[in-house]
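Undergrad: With the input below, show me the fold.
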Amino acid sequence: MATARAMPVPWQNGYPTSDGKPMAETDWHRELMTDLIRTLKAWYAKRRVYVSGNLLLFYEPGNRRRHICPDVFVVKGIAKHERPNYLLWEERKGPEVVIELTSSSTRREDIEDKYRLYRGTLHVKEYFLFDPLGDYLQPPLQGHRLRHGDYQPIRFVDGRLPSQVLGLHLERNGRELRLYDLVTGRRLPTPSEAAAQAETARRQEEAARRQAEAVSQHAEAARQQAEAARQQAERENEQLRRELAALRCRLPKNHRTG
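TA: Now for the predicted structure:
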């Protein structure tokens, strides 16, 4: 997924794993695609949902030319193991959400060819387009929802596009496309943000552990000090008892008491 591939490479299932095209138009497109896929995978980590992208999807058995390569797509209810490509007739379920990271060079394919294929052949419930560089699409983020066999525009809510399938809102942030969780009122962390958060949590946990150890050591020192003071007091008391006993022994019998 780094650069253009020379020729389609057959796989063990008899279908190519590459169409020979570049993974993405620009660094921004590639990084954004990767971030969205990994963010959605983390979001669905505990659910039976398959998230992928830049993967050839074949939709007509025996016809290697009938394929599409969505930038990001989500399929609910199927196993999330790795695949060389996606054979619709074997999976028996197509993408429910597709996100295309579009540009002026792919505009015709994204707003015409893919639009018709996602709507009429694959019946993708929600189709989102994002133009991170603002090359042509206005507004740069647009969404379509399938209703009665046709795509209807998804309306913005508080500046974000709601996805009924994902249960998330899509939000433009400059050249980034972020996923927003209404339940928490926060954006889902990108992989780098999640790593930074995990590192911060690790450091906080380590600091808390060290503080707990310091408190424990202080308490142990105080206990040992108290024990030493107790033992010293016992020694002093014992010394006093001995001195008192010796003093009694030296007194005349008629002056002894007790």
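
Undergrad: Which strands border the host helix or strand of Val75, and is each parallel or antiparallel?
TA: Val75 is located in strand 72-76, with elements delineated by DSSP states H and E. When sheet partners are counted by DSSP bridges, strand 72-76 sits next to strand 49-52 (antiparallel), strand 97-101 (antiparallel).

Undergrad: How far does the next helix or strand after the shortest one sit from its chain's centre?
TA: Tracing the chain C-terminally past strand 49-52 and defining elements by DSSP H and E, one meets strand 57-58 next. Distance of strand 57-58 from the chain centroid (C-alpha atoms, centre = their mean, to the nearest Å) equals 26 Å.

Undergrad: packing partners for strand 57-58?
TA: strand 67-68, strand 86-87 (3 or more C-beta pairs under 8 Å, 6 or more residues apart in numbering; DSSP states H and E). Every C-beta, even on glycine, is put in place using the N, C-alpha and C of the backbone.

Undergrad: can you tell me which of those comes nearest to Gly77?
TA: strand 86-87 (14.4 Å; C-beta to C-beta).

Undergrad: Quick one: residues in contact with the closest one.
TA: By C-beta atoms under 8 Å, 6 or more residues apart in numbering, the list of residues contacting strand 86-87 from outside reads Asn13, Tyr15, Ser52, Leu55, Leu56, Leu57, Phe58, Pro61.

Undergrad: want to throw the residues you listed into a markdown table with pLDDT, neighbour count and distance to Ala221?
TA: Below are the contacts of strand 86-87 laid out as a markdown table (pLDDT from 0 to 100; neighbours: other C-beta atoms under 10 Å; distance: C-beta to C-beta, whole Å):
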| residue | pLDDT | neighbour count | distance to Ala221 |
| --- | --- | --- | --- |
| Asn13 | 80 | 13 | 68 |
| Tyr15 | 90 | 19 | 70 |
| Ser52 | 97 | 20 | 58 |
| Leu55 | 95 | 21 | 61 |
| Leu56 | 95 | 21 | 67 |
| Leu57 | 96 | 23 | 66 |
| Phe58 | 96 | 21 | 71 |
| Pro61 | 94 | 11 | 76 |
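
Undergrad: Can I get those in TSV including distance to Gly134?
TA: Formatted as TSV, the contacts of strand 86-87 follow (distance: C-beta to C-beta, whole Å):
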residue	distance to Gly134
Asn13	39
Tyr15	36
Ser52	27
Leu55	27
Leu56	29
Leu57	28
Phe58	33
Pro61	40
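
Undergrad: Tell me the one among those residues nearest to Ala226.
TA: Ser52 (64.0 Å).

Undergrad: Let's have the helices and strands packed on strand 57-58 in TSV, adding mean pLDDT, distance to Pro153 and mean neighbour count.
TA: Converted to TSV, these look like this (pLDDT from 0 to 100; distance: least, C-beta to C-beta, whole Å; neighbours: other C-beta atoms under 10 Å):
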stretch	mean pLDDT	distance to Pro153	mean neighbour count
strand 67-68	94	22	22
strand 86-87	96	27	21
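
Undergrad: how about these, which one is nearest Arg38?
TA: That would be strand 86-87 among the helices and strands packed on strand 57-58, by C-beta to C-beta, at 18.2 Å.

Undergrad: ok, the closest one: who's next to it in the sheet?
TA: Applying DSSP bridges to the sheet, strand 86-87 is found paired with strand 57-58 (parallel).

Undergrad: what's next to the strand it pairs with, contact-wise?
TA: Under C-beta under 8 Å, 6+ apart, the answer for strand 57-58 is 15, 64, 66-70, 73, 85-88, 94-95, 122.

Undergrad: and which of these is nearest to Phe130?
TA: Nearest to Phe130 out of the contacts of strand 57-58 is Pro70 (C-beta to C-beta; 12.8 Å).
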